[in-house]
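K.L.:
Here is my input, please return the structure:
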Amino acid sequence: MNDRLYELAVTGFANGGAGIAHDSDGRVVFVAGALPGERVRARIVSRRASFTTAETVDILEPSPERIAPLCPAAAAGAGCCDLSYAAPPYAARLRSAALADVLQRIGKMDGTQAPEPPNVQELDDAPTGWRVRTRLAVGDDGRVGLRARGSARLISQPCAGPVPGMLAGLDRLDAVPGSELVVAVGTDDIRHVCALAPAPRRP
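P.N.:
Residues are numbered from 1 along each chain as shown. Down below sits the predicted model:
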């Protein structure tokens with residue numbers, strides 16, 4: 001929206017993976033790429049009547065739970081693997097708290113508590129390679145990748161979420177540029193790939 005940067009103190013976490021901050025006017029700002037307790041420098045992406053969205057540019061005061069991103073694609077801006085930059089057990093707790101908030105605030109389920117995420121230790125030991133289904137885009141040059149968050153730009157860096165081998169060799173399928181690939185691995189460990197025709201362009 002503009003190139004001006006703002007310093008924000010992140011005090012919470014929202015469903016969808018963004019940190020929650022407030023600007024100087026008290027307006028809620030959802031900050032992509034930020035964790036609770038951090039102070040960040042962010043760029044405004046959009047403004048609406050009741051809230052603002054922003055993206056993190058610099059981490060001025062990092063959370064002790066921040067780690068090097070586990071997913072190269074997410075680190076490059078792809079819309080996958082939210083919280084790949086947070087320690088896995090902490091990320092699970094954030095998601096659980098966000099779910100409880102949605103159930104209470106939107107679902108009006110007073111006193112509802114989301115269950116403790118199962119196998120938190122397993123998340124710590126093996127936080128990647130768990131996804132068995134994904135949807136990818138085919139670029140104009142035939143390369144296959146993920147879309148950047150909120151954009152048609154193609155990200156070629158690999159995602160860390162899919163199970164091993166799930167994305168291997170997809171560039172060699174000669175898929176139609178502009179189409180999409182839905183890739184899934186069944187319980188029999190067989191990979192299935194479905195090509196979706198390019199969506200018609202709107203005038």
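K.L.:
By mean pLDDT, flag the weakest helix or strand of the chain.
P.N.:
helix 120-125 (a mean of 52; mean pLDDT, DSSP states H and E).
K.L.:
what's the following helix or strand after that helix?
P.N.:
strand 133-138 (DSSP states H and E).
K.L.:
mind listing what's buried in that following strand?
P.N.:
134, 136, 137, 138 (16 or more other CB atoms under 10 Å). All C-beta spots, glycine's among them, are computed from the backbone N, C-alpha and C.
K.L.:
That one pairs with which strands, parallel or anti?
P.N.:
Strand partners for strand 133-138, identified by DSSP bridges, are recorded as strand 144-147 (antiparallel), strand 180-185 (antiparallel).
K.L.:
contacts for the shortest one?
P.N.:
By CB atoms under 8 Å, 6 or more residues apart in numbering, the list of residues contacting strand 144-147 from outside reads 73, 78-80, 136-139, 153-157, 159, 167, 170-171, 173, 175, 181.
K.L.:
Quick one: list the elements packing against the helix ranked longest in the chain.
P.N.:
The longest helix of the chain (DSSP state H) is helix 88-105. Judged by 3 or more CB pairs under 8 Å, 6 or more residues apart in numbering; DSSP states H and E, helix 88-105 is in contact with strand 12-13, helix 120-125.
K.L.:
Quick one: mean pLDDT over the shortest one.
P.N.:
Averaging the model's pLDDT scores along strand 12-13 yields 93.
K.L.:
And it, how far out from the chain middle?
P.N.:
15 Å (CA atoms, centre = their mean, to the nearest Å).
K.L.:
any idea which helix or strand comes after it?
P.N.:
strand 18-22.
K.L.:
Note down every partner strand of that next one and its orientation.
P.N.:
Strand 18-22 is paired, per DSSP bridges, with strand 12-13 (antiparallel), strand 28-32 (antiparallel).
K.L.:
gap between the most centrally placed residue in the chain and residue 164?
P.N.:
Among the residues of the chain, the one closest to the centroid is residue 82, at 3.0 Å (CA atoms, centre = their mean). Using CB to CB, to the nearest Å, residue 82 is found at 21 Å from residue 164.
K.L.:
do the same with residue 151
P.N.:
28 Å.
K.L.:
Residue 56 now?
P.N.:
30 Å.
K.L.:
by contact count, what packs against the biggest strand by length in the chain?
P.N.:
Counting residues, the longest strand found in the chain (DSSP state E) is strand 51-61. If you count contacts as 3+ CB pairs under 8 Å, 6+ apart, strand 51-61 packs onto strand 5-9, strand 18-22, strand 28-32, strand 39-47.
K.L.:
Where does the prediction get shaky in the protein?
P.N.:
Counting by pLDDT under 70, the ranges of the chain that qualify are 1-2, 110-126, 199-203.
K.L.:
quick one, domains of this protein?
P.N.:
5-61, 133-196 (the TED database).
K.L.:
which of those is buried the deepest?
P.N.:
Ranked by mean neighbour count, the domains of the chain are led by domain 5-61 with a mean of 17 (mean count of other CB atoms under 10 Å).
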